[in-house]
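>>> here's my sequence, what's the structure:
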Amino acid sequence: MKKALLYGALIALAIGSAQASEKDDAMKLVGDAAAAATKDKAGTIGEISKPGGRYVKGELYVFAYDLNGVMVAHPINAKLIGKNLLDVPDADGKLFRKEIIGEINAGGSANVDYKYKNPKTGKVEEKTSFCKKAAELAICAGYYK
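Here you go, the predicted structure:
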């Protein structure tokens, strides 16, 4: 019984540590992309849209919206680029992009939870995206919980 509890605690600690690392990596990717966009908006949008570009790290990747909710860059799903996604809900009906754009316009950053299909597992899972305003864009990266 004690071994099972210890094993469970170690697994929980490892999962929590992995999530913290992904959160840190997502925030760093967003910070790097935001700094680059401030200097070269068009070049950064192009780089964000590259599937193997510098803003893709394993399962993490940066994506960007304009301040009206139009996807301007996405390295995994190019079909989203150019579409206004503000009124497209997540699996539970949450208008998370409205929340992202609202928080970005109000305070310059956003940290939003929602459900989204994980391209690795093919399942809808809980996701958190960290976003930062730069060059009139909402620059984001999300990680699955």
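>>> how about the helices in this protein?
2-39, 41-48, 96-107 (DSSP state H).
>>> tell me the buried residues in the last one?
Same thing as helix 96-107. Residues Phe96, Arg97, Lys98, Glu99, Ile100, Ile101, Glu103, Ile104 are the ones in helix 96-107 that count as buried (16 or more other C-beta atoms under 10 Å). Using the backbone N, CA and C atoms, a C-beta is placed for each residue, glycine as well.
>>> surely the fifth one and Ala110 touch.
Yes. Shown here, Ile100 and Ala110 form a contact pair, counting by C-beta atoms under 8 Å, at 4.8 Å.
>>> overlap in contacts, these two.
Ser129, Cys131, Ala138, Cys140 (C-beta atoms under 8 Å, 6 or more residues apart in numbering).
>>> now which of those residues would you call buried?
Ser129, Cys131, Ala138, Cys140.
>>> biggest separation within the residues you listed, which pair?
Spanning the widest gap among those are Ser129 and Ala138, at 9.5 Å by C-beta to C-beta.
>>> shared neighbours, these two?
With C-beta under 8 Å, 6+ apart, Ser129 and Ala138 have common neighbours Ile100, Ala110.
>>> hmm, back to that, adding pLDDT and distance to Ala91, write the buried ones among the shared contacts of Ile100 and Ala110 out as JSON lines.
Formatted as JSON lines, these follow (pLDDT from 0 to 100; distance: C-beta to C-beta, whole Å):
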{"residue": "Ser129", "pLDDT": "97", "distance to Ala91": "15"}
{"residue": "Cys131", "pLDDT": "98", "distance to Ala91": "20"}
{"residue": "Ala138", "pLDDT": "98", "distance to Ala91": "21"}
{"residue": "Cys140", "pLDDT": "98", "distance to Ala91": "18"}
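>>> ok, of these, which one's closest to Asp32?
Closest approach between those and Asp32, by C-beta to C-beta: Cys140, at 12.9 Å.
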